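Enquirer: this one's sequence-less:
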């Protein structure tokens with residue numbers, strides 16, 4: 001089995017196709033050999049010119065080495081020696097690729113780093129390829145990455161064919177090598193070594209920058225991890241988390257700007273600190289020991305509560321990974337001892353779905369949170385919080401839209417924060433709170449927060465629910 005890598009010269013750029021030798025760290029005038037455990041990897045250059053240079057990685061599999069030391073009763077001698085493993089591109093070829101071109105796969109080139117960081121017109125030919133799923137699978141894996149795909153079927157049928165595969169495109173060399181490293185075994189739908197959690201790290205490392213957006217990522221994860229459901233699920237979950245993190249990072253600057261504008265608006269009346277101090281003081285006065293802070297953001301309330309030793313268990317929940325990372329930093333959890341880590345924890349989670357981790361708390365808080373939730377989903381919030389988690393106390397604060405008229409320079413009808421889905425009047429807040437309390441066995445008291453205007457009320461409002 002072998003992989004051919006070809007670089008063609010682009011007349012618009014100042015490089016020679018012979019620079020492929022520098023990019024692969026293998027001199028074109030020499031033949032290079034390396035033992036892979038399953039056989040010998042041989043690298044040579046059949047074509048070297050200014051216009052076109054080709055490097056070949058040929059893997060000479062040793063069938064005896066494949067079964068040396070294995071239990072002969074596991075598959076039987078016939079299955080061990082008579083199969084297509086030595087003859088079609090598979091995970092053995094990926095291992096050889098990693099061992100032969102490791103520096104190139106990491107994007108390093110001592111002599112031509114600028115070229116290594118440049119997209120160049122590469123071609124790759126893999127012969128022969130065993131493709132479970134046939135031509136459709138080949139195209140579904142490589143075409144979304146921007147390659148032109150040519151595949152000639154040499155043997156087999158629609159379920160599993162043997163192909164000569166050619167892909168071409170203008171890409172970074174490291175991307176091309178990493179794509180081949182991951183996808184060749186995926187095509188083969190098998191791996192020939194022990195799979196454990198370390199394989200997840202390999203997959204995510206080689207798939208960085210492209211796998212999370214690939215439309216066939218579920219198929220890739222399942223096949224790359226040998227159809228072990230637990231490992232595949234963890235890999236996909238971590239890809240999803242990375243996707244959320246990227247999205248959160250892109251929105252972080254906008255969110256920070258909007259939050260700063262809201263803080264500036266309320267700064268003259270010190271409303272932000274007033275809310276947090278009032279909630280912290282209320283919880284202490286109620287004799288609360290455990291607090292669930294929903295929509296904890298950067299952990300400003302938690303930072304106040306953790307200073308009081310009477311709070312023995314504090315958990316912050318937020319759907320934003322970026323917010324939780326900032327909270328962890330500001331609460332110094334990275335350097336915390338075991339005692340603090342046990343007492344204070346952060347969790348990613350949705351606020352509108354029942355979560356068994358919310359059970360058993362004395363109190364739950366939502367400080368300036370519900371106005372960020374779409375109104376149709378507030379019923380789900382009430383069910384998951386009051387109906388399922390059912391803490392003894394629930395404390396909710398939210399802006400009073402009537403007071404907006406008193407903020408200097410604020411346009412009529414405009415909300416204090418661009419992410420607010422709504423802002424309630426005092427009556428609207430009461431009309432939501434009272435039925436929730438009645439339905440779930442709570443009493444509720446609604447209190448003003450901040451300076452009270454005779455006409456417009458206070459700038460913020462707080463509901464304190466207590467379970468009957």
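Expert: That came through, no problem. For clarity, every value in this text was computed on a predicted model and none was experimentally measured. Numbers count the residues shown, from 1 in each chain.
Enquirer: alpha carbons only for contacts and neighbour counts from here, please
Expert: Will do.
Enquirer: paired strands for the helix or strand where residue 45 lies, with orientation please.
Expert: Assigned by DSSP states H and E, residue 45 belongs to strand 39-48. Strand 39-48 has these partner strands in its sheet, going by DSSP bridges: strand 32-35 (antiparallel), strand 52-61 (antiparallel).
Enquirer: quick check: mean pLDDT across the last one?
Expert: To tie it back to what came earlier, the one meant is strand 52-61. Across strand 52-61, pLDDT averages out at 92.
Enquirer: same question, stretch 285-295
Expert: Average pLDDT, stretch 285-295: 96.
Enquirer: name the SS class of residue 123, please.
Expert: With DSSP: H, G, I helix; E, B strand; the rest coil as the basis, residue 123 sits in strand.
Enquirer: burial check on the closest residue to it other than its chain neighbours, number of neighbours?
Expert: Distances taken as CA to CA, 6 or more residues apart in numbering place residue 168 nearest to residue 123, at 4.3 Å, with adjacent residues excluded. Burial of residue 168, expressed as a neighbour count using other CA atoms under 10 Å, amounts to 20.
Enquirer: and residue 168, how far from residue 101?
Expert: Taking CA to CA, to the nearest Å as the measure, residue 168 and residue 101 are separated by 19 Å.
Enquirer: what of residue 457?
Expert: Spatial separation of residue 457 from residue 101 under the definition CA to CA is 70 Å.
Enquirer: with residue 163 instead?
Expert: The separation that residue 163 has from residue 101, given CA to CA, amounts to 24 Å.
Enquirer: now residue 151
Expert: For residue 151 relative to residue 101 (CA to CA), the value is 25 Å.
Enquirer: with residue 450 instead?
Expert: The value you get for residue 450 to residue 101, if CA to CA is used, is 65 Å.
Enquirer: cool, and residue 431?
Expert: Distance of residue 431 to residue 101, given as CA to CA: 67 Å.
Enquirer: show me which of these two is the more surrounded one.
Expert: residue 101 (17 against 12).
Enquirer: got a list of what that one touches?
Expert: With contacts defined as CA atoms under 8 Å, 6 or more residues apart in numbering, the neighbours of residue 101 are 24-25.
Enquirer: any chance of the backbone angles for it?
Expert: Backbone dihedrals for residue 101, given as degrees, to the nearest 10, come out at phi -120, psi 40.
Enquirer: just residue 236 next, same as before
Expert: Here the main-chain torsion angles of residue 236 (degrees, to the nearest 10) amount to phi -70, psi -40.
Enquirer: got a list of what it touches?
Expert: Residues touching residue 236, when contacts are defined by CA under 8 Å, 6+ apart, comprise 217-218, 221.
Enquirer: which of those residues fall within helices?
Expert: Assigned to helices by DSSP state H, the following of the contacts of residue 236 qualify: 217-218, 221.
Enquirer: of those, which is the most crowded?
Expert: residue 221 leads these on contacts (other CA under 10 Å) with 25 neighbours.
Enquirer: now it: closest residue in space, sequence neighbours ignored.
Expert: Closest residue to residue 221 apart from its sequence neighbours, by CA to CA, 6+ apart: residue 232 at 5.4 Å.
Enquirer: what does stretch 343-350 contact?
Expert: When contacts are taken as CA under 8 Å, 6+ apart, the neighbours of stretch 343-350 outside the stretch itself are 306, 312-321, 324, 328.
Enquirer: what about residue 23, how many neighbours?
Expert: Using other CA under 10 Å as the criterion, residue 23 is surrounded by 24 other residues.
Enquirer: distance between stretch 209-223 and the chain's centre?
Expert: Between the mean C-alpha location of stretch 209-223 and the chain-wide mean there is a distance of 12 Å, by CA atoms, centre = their mean, to the nearest Å.
Enquirer: give the buried residues for that stretch.
Expert: Going by neighbour count (16 or more other CA atoms under 10 Å), the buried part of stretch 209-223 is 211-212, 214, 217-223.
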